[in-house]
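Undergrad: sequence first, predicted model second:
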Amino acid sequence: MRLHLHLLSDSTGETLEAIAKAAIAQFDGVETIKHFWPMVRSEGHLDRVLGEILQKPGLIIYTLVNSEVRRTLEHRCQVAGLPHVAALDPVTEALQRLLGQEAKAKPGRQHTLDAAYFARVDAIQFTIAHDDGIAAEDWEEADIVLAGVSRCSKTPTSIYLANRGYKVANIPLVVESPPPASLYTLKKPLVVGLTTSPDRLIQIRRNRLLSLNQVTETAYVDQEAVATELAFARRIFADKGWPVIDVTRRSIEETAAAIINLLTAHATEPRP
């Protein structure tokens, strides 16, 4: 089945795209053709958009806070028989009832360049600058430090956390090249060990070597060598008393959520 999906927003449309993607993923056998209509803030602009939509009718999902533009859209859709749904209405209405106040009718309010935005940018810059054991002298400034053997999701997890506003450093644990001693004396950051199963790690490493057109039969993917690496890392985790997360069956999002929960508990612990 083919479906034209029209995403109509008075802002960038990022919110609508995420909602549509999550919803469409629940259905099989649907060929979705997405049409993006961002920054629709006047009735004149809406007229032009509706003219285009009528050429390829389908479901209209919209976020419009301007009441006049919204009423015009809904009336025109009803007249033309076009299915339409206001994506954020149920959540907004529930919040209004709970909080006892009206929502601010301001397009793109969630994208305001406030202090939290700049803190997130700062976190991303810090995390990129402290990837793979770089800049050990600054690790104390991190919120989170991730340690583990090569290819156990340290970097993607770090970047995900940075996008949530956390400064993250990640450090590879290599048998032949131990990390700086300063890793073991950190006071402020939460240090978390990441581990995985040998079989899963070998599979990931072998795929990485294939993507680089490199030899796939080396110590990097040798069963015994990988088991030794993981055992080395686990001894460090146990010796230092760091919390450990097994990422074998976890997505990046699940790993990050577990780390954030640990960080919350870490922040409430009394400092020595």
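TA: That came in fine, so what should we check first? Computed from a predicted structure; not experimentally measured.

Undergrad: check which helices and strands whichever strand or helix holds residue 257 sits against.
TA: Using DSSP states H and E, the element containing residue 257 is helix 252-268. Here helix 252-268 touches strand 144-148, helix 154-163, strand 190-195, strand 244-246, going by 3 or more CB pairs under 8 Å, 6 or more residues apart in numbering; DSSP states H and E. In short, each C-beta sits where N, CA and C put it, glycine included.

Undergrad: what strands line up against the first one, and which way round?
TA: This points to strand 144-148. strand 168-172 (parallel), strand 190-195 (parallel) (DSSP bridges).

Undergrad: highest average neighbour count across these?
TA: Ranked by mean neighbour count, those are led by strand 168-172 with a mean of 25 (mean count of other CB atoms under 10 Å).

Undergrad: what's next to it, contact-wise?
TA: With CB atoms under 8 Å, 6 or more residues apart in numbering as the test, strand 168-172 has contacts from 123, 126-127, 130-133, 135, 138-139, 142-150, 154-155, 157-158, 161-162, 179, 183, 189.

Undergrad: just send the helices and strands packed on helix 252-268 back as CSV, with distance to residue 32 and mean pLDDT too.
TA: Output for the helices and strands packed on helix 252-268, formatted as CSV (distance: least, CB to CB, whole Å; pLDDT from 0 to 100):
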stretch, distance to residue 32, mean pLDDT
strand 144-148, 36, 97
helix 154-163, 26, 94
strand 190-195, 35, 97
strand 244-246, 35, 96
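
Undergrad: just name the most buried of these.
TA: strand 144-148 (a mean of 25).

Undergrad: okay, it in CSV with CA atoms only?
TA: Extracted in CSV, the C-alpha atoms of strand 144-148 (Å, rounded to 0.1, in the frame of the first residue of the first chain):
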residue,chain,number,x,y,z
ILE,A,144,30.6,10.6,33.0
VAL,A,145,33.6,8.6,32.0
LEU,A,146,33.0,5.3,30.1
ALA,A,147,35.7,2.6,30.1
GLY,A,148,35.9,-0.6,28.2
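
Undergrad: show me the helices in this structure, by range?
TA: 14-24, 43-55, 67-80, 89-99, 115-129, 154-163, 198-211, 223-240, 252-268 (DSSP state H).

Undergrad: right, and those helices - which one's nearest residue 34?
TA: Taking CB to CB, helix 14-24 is the member of these nearest to residue 34, at 6.9 Å.

Undergrad: just send the helices of the chain back as JSON lines, with distance to residue 8 too.
TA: Below are the helices of the chain laid out as JSON lines (distance: least, CB to CB, whole Å):
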{"stretch": "helix 14-24", "distance to residue 8": "8"}
{"stretch": "helix 43-55", "distance to residue 8": "6"}
{"stretch": "helix 67-80", "distance to residue 8": "7"}
{"stretch": "helix 89-99", "distance to residue 8": "14"}
{"stretch": "helix 115-129", "distance to residue 8": "25"}
{"stretch": "helix 154-163", "distance to residue 8": "26"}
{"stretch": "helix 198-211", "distance to residue 8": "39"}
{"stretch": "helix 223-240", "distance to residue 8": "50"}
{"stretch": "helix 252-268", "distance to residue 8": "28"}
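
Undergrad: of these, flag the one that's most buried.
TA: Taking mean count of other CB under 10 Å, helix 154-163 is the most buried of the helices of the chain, at a mean of 21.

Undergrad: fine by me, we can end here.
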